[in-house]
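> Using only what follows, build the 3D model:
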Amino acid sequence: MYTTIDKVKLWLGISEDRFDGELNDLIYSASSELDVKLKALGIYPMPDEISDAISDALAEYCAGIFRARRSNDFTMVKHAEERLENILSAYSSYFGKVTA
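Reported below is the predicted structural model:
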């Protein structure tokens, strides 16, 4: 998994454990989706250079999904998706130049 429940809770501003099952499911699902993207880009396993940025953006994404399920507000989800795409795109471009 690419992020932690503590990071997701930080984005949500919560500390209670009653949502841990749902949050762990979100993290697992999002991490699986990210695996597919990383493999498609040829940058799997995820390099250390981008792991912190990916972890934070994925935590924001999971927090956004959690909030959207309750409020139908997808603002955080969209922002996190853009962050993830920007990180992967920038790394993929750089990686391609270094190995070419």
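> Do you have the helices of this structure handy? List them.
Remark: helices assigned in the chain by DSSP state H are 5-12, 20-41, 48-71, 75-99.
> Flag every buried residue along the third one.
What it means is helix 48-71. If you call a residue buried by 16 or more other C-beta atoms under 10 Å, then helix 48-71 has these buried ones: 50, 53-67. Bear in mind the C-beta positions are built from the backbone N, C-alpha and C, glycine included.
> Same check on the second one?
Across helix 20-41, burial judged by 16+ other C-beta under 10 Å covers 23, 26, 27, 30, 34, 38.
> Pick the one among the buried residues of helix 48-71 closest to residue 74.
Proximity of those to residue 74 (C-beta to C-beta) peaks at residue 64, which lies at 7.0 Å.
> Can you tell me, leaving aside adjacent residues, what's nearest to that closest one?
residue 76 (3.2 Å; C-beta to C-beta, 6 or more residues apart in numbering).
> my read: that neighbour touches residue 60, true?
Yes - the pair residue 76 / residue 60 is scored as a contact, 6.3 Å apart, by C-beta atoms under 8 Å.
> who touches both of those two?
Here residue 76 and residue 60 share the contacting residues residue 11, scored by C-beta atoms under 8 Å, 6 or more residues apart in numbering.
> Which of the buried residues of helix 20-41 sits closest to residue 89?
The closest of these, once distances to residue 89 are taken by C-beta to C-beta, is residue 38, at 12.5 Å.
> What residues does the nearest residue to residue 80 once chain neighbours are set aside make contact with?
If you skip the residues right next to it in sequence, residue 80 has residue 61 as its closest partner in space, 3.6 Å away by C-beta to C-beta, 6+ apart. Taking C-beta under 8 Å, 6+ apart as the contact definition, residue 61 lies against 30, 76, 77, 80, 81, 84.
> of those, buried ones?
30, 76, 77, 80, 84.
> Looking at the residues you listed, spot the one nearest residue 14.
Distances from residue 14 to these, taken by C-beta to C-beta, are shortest for residue 76, at 14.0 Å.
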